[in-house]
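Enquirer: fold the following for me, if possible:
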Amino acid sequence: MLLLSKNKPFTAEEVLDKANIIELVQFERFCRDNSLWDEMKKTYSDHASIDISWYTGNADKFVDESAKMTSTSRAAHRIYNTQVWMNGDRAIAIMQTTILAEQDIQGIKFNLNSDAKIVYEVQKINGEWLINFMTCVYEADSLIPVVPTADVALDPADLKQYRSSYACLAYVLNQKGYQVGQDLPGVDQPEMVTALYTKMDAWLMGK
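Expert: A predicted model of the protein is given here:
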């Protein structure tokens, strides 16, 4: 397996490629956070697809749907690090992030914090690195009142029906009318994460 293995020392050309890949995926998230929708579309290949909690499908439409979502609820990404594995004109980038969003529940403002790894397939096309596919591995999340003394009662049963790695995220998205499945890659079901990485490693190796 090439993915998740220790990278060999990069050549000067590979260092430049790695820097361009990190810039690409972080700029894609920067565009999402700052409503730069036309620029966001430029980060994807023509056939790029997205598979995350609230959307599965074409990348261009993902941007359009993100714009609609942002009009009622903004989110931001706190990025900690991005690891890259390359093989010729293909690469996998894994970004460790916390997704921050403010949500209104029963008239009370909450901060939704979702820890996740955003996983990208990236491909060099006509000399330019572009995102080919994006998905997430969900880790943990929380709902915290913006004002700690806020009095709101959430029925624990409302959260117990969801997977522990993204229970709060699924609850909030479902409240907004988005359908979130129980089959997303998450650390509470490591076999699903292993299957995802195995599939992406095969792509990275050109299989």
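
Enquirer: show me where this structure has its strands.
Expert: 44-51, 56-58, 75-87, 90-105, 108-125, 128-145 (DSSP state E).

Enquirer: and residue 66, how far is that from residue 184?
Expert: 18 Å (Cβ to Cβ, to the nearest Å). All C-beta atoms are positioned from the backbone trio N, CA, C, and that covers glycine.

Enquirer: have a look at the two and say which one is more surrounded.
Expert: residue 184 (22 against 19; other Cβ atoms under 10 Å).

Enquirer: got the contact list for that one?
Expert: Residue 184 sits next to 52, 53, 136, 138, 163, 165, 166, 192 when contact means Cβ atoms under 8 Å, 6 or more residues apart in numbering.

Enquirer: do residue 144 as well
Expert: Counting by Cβ under 8 Å, 6+ apart, the residues that residue 144 touches are 110, 111, 113.

Enquirer: who does the second one form a beta bridge with?
Expert: In this structure, residue 111 has beta-bridge partners residue 102, residue 144, where bridges are defined by DSSP bridges.

Enquirer: quick check: which helices or strands does the lengthiest helix in the chain pack against?
Expert: As assigned by DSSP state H, the longest helix anywhere in the chain is helix 12-33. Helix 12-33 sits against helix 37-41, strand 75-87, strand 90-105, strand 108-125, strand 128-145, with contacts defined as 3 or more Cβ pairs under 8 Å, 6 or more residues apart in numbering; DSSP states H and E.

Enquirer: let's have those in CSV, adding distance to residue 203.
Expert: Below are these laid out as CSV (distance: least, Cβ to Cβ, whole Å):
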stretch, distance to residue 203
helix 37-41, 22
strand 75-87, 10
strand 90-105, 7
strand 108-125, 6
strand 128-145, 8
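
Enquirer: tabulate those in TSV, adding columns for mean pLDDT and distance to residue 14.
Expert: Converted to TSV, the helices and strands packed on helix 12-33 look like this (pLDDT from 0 to 100; distance: least, Cβ to Cβ, whole Å):
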stretch	mean pLDDT	distance to residue 14
helix 37-41	98	26
strand 75-87	96	6
strand 90-105	94	10
strand 108-125	95	12
strand 128-145	96	12
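
Enquirer: quick one: closest of these to residue 155.
Expert: Relative to residue 155, the nearest member of the helices and strands packed on helix 12-33 by Cβ to Cβ is strand 90-105, separated by 11.6 Å.

Enquirer: and the angle from the closest one to strand 128-145?
Expert: 30 degrees (axes from the mean of the first three to the mean of the last three Cα atoms, to 10 degrees).

Enquirer: list the buried residues of strand 90-105.
Expert: By neighbour count on 16 or more other Cβ atoms under 10 Å, the buried set for strand 90-105 is 90-99, 101, 103, 105.

Enquirer: stretch 106-119 now?
Expert: So, applying 16+ other Cβ under 10 Å, buried residues of stretch 106-119: 110, 112, 113, 114, 115, 116, 117, 118, 119.
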